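K.L.:
Pasting the sequence and the predicted coordinates here, then a few questions.
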Amino acid sequence: MIERDLKTYLVKSIKAQGGEGTRLEDKFATGLPDLLLIPAPGPCFFAEVKLLSGRLLRCTTLQETWLDRLHREKRRGIWFSLGVILGYHAGDQMLYCGRPGEERKKSLWVSRPRRLDSSDWPISDLLFRYDQERD
C-alpha cells in the first residue's frame, strides 16, 4: 500500500459512515495536514497520514507544528478541532490514531478491514473513541 491510496480509502470510508472528509492538498502550504475528517458524531480532525514502520507516530517538524496549531482546546465539553496522526502499520495490520511522538502501542487503534482497498476502514469509530478518551 502507498500513502496516497490510504488517504483515498479513509476519505471514502468516513463518507460511507455518514461523516465528511476531504484531502487538503496545496503544494505551497508545506506541512499542512493531509486530511480534514469530520465523523458524524464528533468534532473535526486534521490528520497527517503515515505508513508506519517504527514504534512512534512520527511526522516532520513542520507537520507537527501545523497539527499543534490546529489541535484546539475543549470548549463547553466539545473539542473545536483535533490534530492527529493516522498511521497504518502493515506488520500489525492496524490503523493507529494519536499525537506526534506518541508510541503506537499506547495510541488508539483499529484493525484494518478485510480488503485494504474498501470503504470499510473503521475510521469513524477510531476518531469517536479518540474524542471520548482524550477528555
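P.N.:
Received, thanks.

K.L.:
Now do the strands in this structure.
P.N.:
Counting by DSSP state E, the chain has these strands, from start to end: 20-23, 35-38, 44-52, 74-75, 78-79, 81-89, 94-98, 108-111.

K.L.:
Residue 40 is in contact with residue 124, correct?
P.N.:
Yes - between residue 124 and residue 40 there is a contact under CB atoms under 8 Å: 6.5 Å. (Each C-beta comes from the backbone N, C-alpha and C, glycine too.)

K.L.:
So between these two, which is more surrounded?
P.N.:
Taking other CB atoms under 10 Å, residue 124 and residue 40 do not tie; residue 124 has more neighbours (23 against 12).

K.L.:
residues touching residue 10, list them.
P.N.:
Shown in contact with residue 10 (CB atoms under 8 Å, 6 or more residues apart in numbering): 21, 35, 37, 47, 49, 86, 121, 123.

K.L.:
if we take the residues you listed, which one ends up nearest to residue 2?
P.N.:
Top of the list for closeness to residue 2, among the contacts of residue 10 and by CB to CB, is residue 49 at 10.7 Å.

K.L.:
Tell me the pLDDT of the closest residue to residue 9 other than its chain neighbours.
P.N.:
Take residue 9 and drop its neighbours on the chain: the residue closest to it by CB to CB, 6 or more residues apart in numbering is residue 121, 5.5 Å away. Listed pLDDT for residue 121 reads 94.
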